[in-house]
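Q: Pasting the sequence and the predicted coordinates here, then a few questions.
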Amino acid sequence: MSLEELAFLLLAAVAVGTGVAALLVRELVHTILWISVFFVDLSAIYFLLSAPFLGVLQLGVYAGAVTVLLLFGIMVTRKRIFSREAATGVGPVPLALAVVTFIFLVVALGQFPSGAAPVQSYDPSALSGALFGAYGPWLLLLGLIMLGGVSGAIYLVREGRE
Amino acid sequence: MTALPLAGFLALSGALLAVGVFGLLTRRNFILILIAVEVAMNATILNFVYFAAFAPAGGAGISGQAIAVVLIGFAATEVAVGLAIVLGLNRLKGTINVAQATELKE
């Protein structure tokens, strides 16, 4: 087993583990800590897949902005920040549904390629060329959706609306 | 040139999607539901990067990464709108438990 494969296995285990831990721990602030580890871990996977620009974007947008935004959401909606959630427990039906989803994805959809393959690396300038060339309309649509999202968010939280 | 297992990435994103679905179904706190959606969304983005990385050389593999960039932006917008809903719900109900947001039921 090569070093890269070992790194991937480690990163994948950490990703699944922190994802589950984030959704199961009872203190919301601990959830945020776990999910930030999850985001940093995924960014490491992007670096492993030789997509450095996406890795940096993941660090900046997810590990940075989204984490802080979620923390802020917790801060303003609770009286005591470190208060515990009511125990919700793990019901058998959702657990079974999640396991069935996973098995379905793995078995029914996957005619998995076997073995290892070399990873193709792209120059970040090629990515920017694609983003501002062929994918320009998508970038424009992203901007419009962000504008709509921000306007909608301001409309939802504005003062004096009952 | 690094070589990586092909099937491992598909299994990883499948597992992450399953974790996201599980969180979406079991949690009652709005912020936890948002986080579950983010986990599922990240599984999707990982798939795009994966298929870009293992595309045949000289093909259109770069488009996978371009779509991943756009998707990261979409996910960030979704969190912003979700948190606005959290704040609105908290002001209206004094709680962010989705089990109590039943106004539209009647």
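A: Yep, that arrived. A quick note: this is a predicted structure, and the numbers were derived from the prediction, not measured.
Q: Just want the most central residue of chain B.
A: Nearest to the mean C-alpha position of chain B, by Cα atoms, centre = their mean, lies B:Met41 at 1.9 Å.
Q: Chain A too?
A: In chain A, the C-alpha nearest the mean C-alpha coordinate belongs to A:Phe39, at 5.7 Å (Cα atoms, centre = their mean).
Q: mind listing what it touches?
A: Contact partners of A:Phe39, counting by Cβ atoms under 8 Å, 6 or more residues apart in numbering or on different chains, are A:Gln58, A:Leu59, A:Tyr62, A:Ala63, A:Val66, A:Thr67, B:Asn42. All C-beta atoms are positioned from the backbone trio N, CA, C, and that covers glycine.
Q: element containing the last one, please.
A: Element membership for B:Asn42 (DSSP states H and E) is helix B:30-53.
Q: In the chain, where is pLDDT below threshold?
A: The chain I'm using is chain A. Counting by pLDDT under 70, the ranges of chain A that qualify are A:1, A:81-90, A:108-115, A:160-162.
Q: actually chain B
A: Using pLDDT under 70, chain B drops low at B:1-2, B:58-59, B:105-106.
Q: In it, spot the helix with the most residues.
A: helix B:62-93 (DSSP state H).
Q: that older thread, let's see if you can find the most crowded of the contacts of A:Phe39.
A: The member of the contacts of A:Phe39 surrounded by the most neighbours (other Cβ atoms under 10 Å in any protein chain shown) is A:Gln58, with 28 neighbours in all.
Q: Pull the contacting residues for that residue.
A: Neighbouring residues of A:Gln58 by Cβ under 8 Å, 6+ apart: A:Phe39, A:Leu42, A:Ser43, A:Tyr46, B:Ile72.
Q: Ok, A:Gly149 next?
A: Counting by Cβ under 8 Å, 6+ apart, A:Gly149 touches B:Thr77, B:Glu78, B:Ala80, B:Val81.
Q: One more: A:Ala15?
A: Taking Cβ under 8 Å, 6+ apart as the test, what A:Ala15 contacts is A:Phe38, A:Asp41, A:Leu42, A:Ile45, B:Leu12, B:Leu16.
Q: Kindly present those as a markdown table, with separate columns for distance to A:Gly73, secondary structure and neighbour count.
A: As requested, the contacts of A:Ala15 are exported to a markdown table (distance: Cβ to Cβ, whole Å; DSSP: H, G, I helix; E, B strand; the rest coil; neighbours: other Cβ atoms under 10 Å in any protein chain shown):
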| residue | distance to A:Gly73 | secondary structure | neighbour count |
| --- | --- | --- | --- |
| A:Phe38 | 17 | helix | 28 |
| A:Asp41 | 22 | helix | 21 |
| A:Leu42 | 21 | helix | 29 |
| A:Ile45 | 26 | helix | 25 |
| B:Leu12 | 28 | helix | 24 |
| B:Leu16 | 22 | helix | 26 |
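Q: Those residues: which two are farthest apart?
A: Longest distance between any two of the contacts of A:Ala15 is 12.2 Å, between A:Phe38 and B:Leu12; criterion Cβ to Cβ.
Q: A:Leu57 and B:Gly73 touch, don't they?
A: No. Judged on Cβ atoms under 8 Å, A:Leu57 makes no contact with B:Gly73 at a distance of 9.0 Å.
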